[in-house]
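In: Pasting the sequence and the predicted coordinates here, then a few questions.
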Amino acid sequence: MKDIFGKLCSVYVDAHDNYGKYVDRETGEIIQQMTIRDFCLTDRWKPTVDRLRGMIAEYGAKEAKAMPQYKKIKTLLPGATLSGLFELRDTFDKRYGRMVMKSRITENLKQHTGFLCIDIDRQDNQSVEDMTTILRVLRHRPEVALCMKSCSGTGYFALIPLAYPEHHKEQFKAIRRDYAALGIVLDVHCSDITRIRFASYDDNPYINENAIAYSGIDMGGQVLVPRPVYRERIETKDALEADVERLVEKIEQRGADITGSYDQWLHIGMSLYNLGNVGLHYWWRLSVFRAQEHAQGHSMQELQAKWSSFAQLTGRVSIRTFFYICKQNGFTLYHNPY
């Protein structure tokens, strides 16, 4: 089986390094390139990462990151361009008006790894009460091949295989728009193929070596390649949840909005509340189409707030309400005992 994380990427000292010659201070090893697997899926960087996260736990993220000691510790971690392997070449530098040896510039890309690396930072997603909610969504996205904590532990990064890596920036535009519809804000700098990702460690990374290559591509708002409907696939053992999953998938495949009025949208949420936490994911997936049809989106924060309020209701709406609304909109199962 082909190792999708076996692609080589370039390794650098930090975000200012254009040469590409990281030296491990403990072993003296000079590293210019590594496989994505060796860079990401290793405990090699754990001691340094633990020191950074320890400072954040003690002082808070904002205060710790501003400390000279934190910045000094972070210099022990290498950075890598997870989207590409670059060549060191003589390049004309406008600042100096002469040729210099450079590696990390777009013109010196030797080979695209086929991956887009997205950053989900806490500072960009402050409306999200619990960042693990975003993690749960990422783990259910079919295009996500790898998801890990950042070195600070306050955010996440994910690797997404691209169907058209030659359109790296345009594919990022499309996926950024898709994730915005889910209430997730991506770091805009991820469109840069030369962007550095600092080494990190996660004792429980999400790995999906069968991830589906993302095919969305956006040229100035014009979709040149039709984007497939992406679904958060949630494995369910319960027959009821399986039936809800089947119906939601049918609705997604047609790109339909069954939420109707605001009250009906709420009733669907109340109905799905009977499934427990998994019901929130189904409600979220249906709410995406409400945003497209009515230009009236609902943020993750709003959904979470409404979801929490359902616990206070004395007379809950039955799960049958969800099946009834689906049927009214032309979506049925081959069997429906509810």
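Out: Arrived safely, thanks for sending.
In: Tell me which helix or strand in the protein has the weakest average pLDDT.
Out: The helix or strand of the chain with the poorest confidence is strand 222-225; it has a mean of 52 (mean pLDDT, DSSP states H and E).
In: chain center to the helix or strand that that one is followed by: distance?
Out: Downstream of strand 222-225, the next assigned helix or strand under DSSP states H and E is helix 239-254. How far helix 239-254 lies from its chain's middle: 23 Å, per C-alpha atoms, centre = their mean, to the nearest Å.
In: Show me what helix 239-254 is packed against.
Out: helix 277-294, helix 320-328 (3 or more C-beta pairs under 8 Å, 6 or more residues apart in numbering; DSSP states H and E). All C-beta atoms are positioned from the backbone trio N, CA, C, and that covers glycine.
In: residues of the very next helix or strand once past the first one that come out buried?
Out: This means helix 277-294. Next along the chain after helix 277-294, taking DSSP H and E as the criterion, comes helix 300-309. Under the neighbour-count criterion of 16 or more other C-beta atoms under 10 Å, helix 300-309 has 300, 303-304, 306-307 buried.
In: Then stretch 18-38?
Out: Buried, per 16+ other C-beta under 10 Å, within stretch 18-38: 18, 20, 22, 31-34, 36, 38.
In: where's the residue most central in space within the chain relative to T81, distance?
Out: Geometric centre of the chain, nearest residue: A158, 4.9 Å, by C-alpha atoms, centre = their mean. The gap separating A158 from T81 is 16 Å, by C-beta to C-beta, to the nearest Å.
In: Tell me the one of the buried residues of stretch 18-38 nearest I258?
Out: I36 (40.2 Å; C-beta to C-beta).
In: Next one: that closest one relative to P161, how far apart?
Out: 11 Å.
In: what sits in contact with each of those two?
Out: Common neighbours of I36 and P161 (criterion: C-beta atoms under 8 Å, 6 or more residues apart in numbering): F115.
In: For V317, which non-adjacent residue is spatially closest?
Out: M270 (3.8 Å; C-beta to C-beta, 6 or more residues apart in numbering).
In: hang on, K65 packs against S150?
Out: No. Using C-beta atoms under 8 Å as the test, K65 is too far from S150 to be in contact (11.4 Å).
In: who's more crowded, these two?
Out: Applying other C-beta atoms under 10 Å to K65 and S150 shows that S150 carries more neighbours, namely 20 against 16.
In: thought the more buried one was touching Y156?
Out: Yes. Assessed by C-beta under 8 Å, S150 is found in contact with Y156 at 6.4 Å.
In: hey, what's in contact with both of those two?
Out: D119.
In: tell me the phi and psi of F5?
Out: phi -100, psi 10 (degrees, to the nearest 10).
In: and what of the one 4 residues further on?
Out: Comment: the main-chain dihedrals of C9 come out as phi -130, psi 160, following degrees, to the nearest 10.
In: again, but for the one 10 residues further on
Out: In terms of degrees, to the nearest 10, the main-chain angles of Y19 are phi -90, psi -50.
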